[in-house]
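Engineer: just need the structure, nothing else, for what follows:
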Amino acid sequence: GDDALTQHPWLADLDLSEPFDLAAGDATVHSALVIHGAPENRRDRPRLSFTATYFDADTLYTGAPYGQTDDLGLTVNKPFDHELFPVVPKQ
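Structural biologist: Numbering: from 1, shown residues only. As a prediction, the model looks like this:
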């Protein structure tokens, strides 16, 4: 009940891209703004995923509920001062 289509029904009016199959070891890379999904995992082991999110070091924590930031002790309206959010030096 909390998937993208339930939260934003207007997405159903948009065109879909052609589906494609991935082989074991394949990966996709896309913007966090891309609505994406996969069929149900029918295997007897979990499907693995990896997420990397980059944002400006001056970004402030809003306090909005989010699984990756809940219970980290972050301070609302302060930068993400936590070991899980390292600052990547500019090249």
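Engineer: point out where the protein drops to low pLDDT.
Structural biologist: 1 (pLDDT under 70).
Engineer: swap the cut-off to 80 and go again
Structural biologist: Per-residue confidence of the chain (counting by pLDDT under 80) places the weak regions at 1-2, 32, 37-39, 91.
Engineer: all helices in it, in order from the N-terminus.
Structural biologist: Counting by DSSP state H, the chain has helices at residues 4-7.
Engineer: please give the number of neighbouring residues around L74.
Structural biologist: Close neighbours of L74, defined as other Cβ atoms under 10 Å, add up to 18. (Glycine included, C-beta is placed from N, CA and C.)
Engineer: which ones are touching it?
Structural biologist: Contact analysis of L74 by Cβ atoms under 8 Å, 6 or more residues apart in numbering lists 61, 63, 80-82.
Engineer: can you lay out those as TSV showing neighbour count and distance to T28?
Structural biologist: Putting the contacts of L74 into TSV (neighbours: other Cβ atoms under 10 Å; distance: Cβ to Cβ, whole Å) gives the following:
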residue	neighbour count	distance to T28
Y61	18	28
G63	12	31
F80	18	26
D81	12	31
H82	12	28
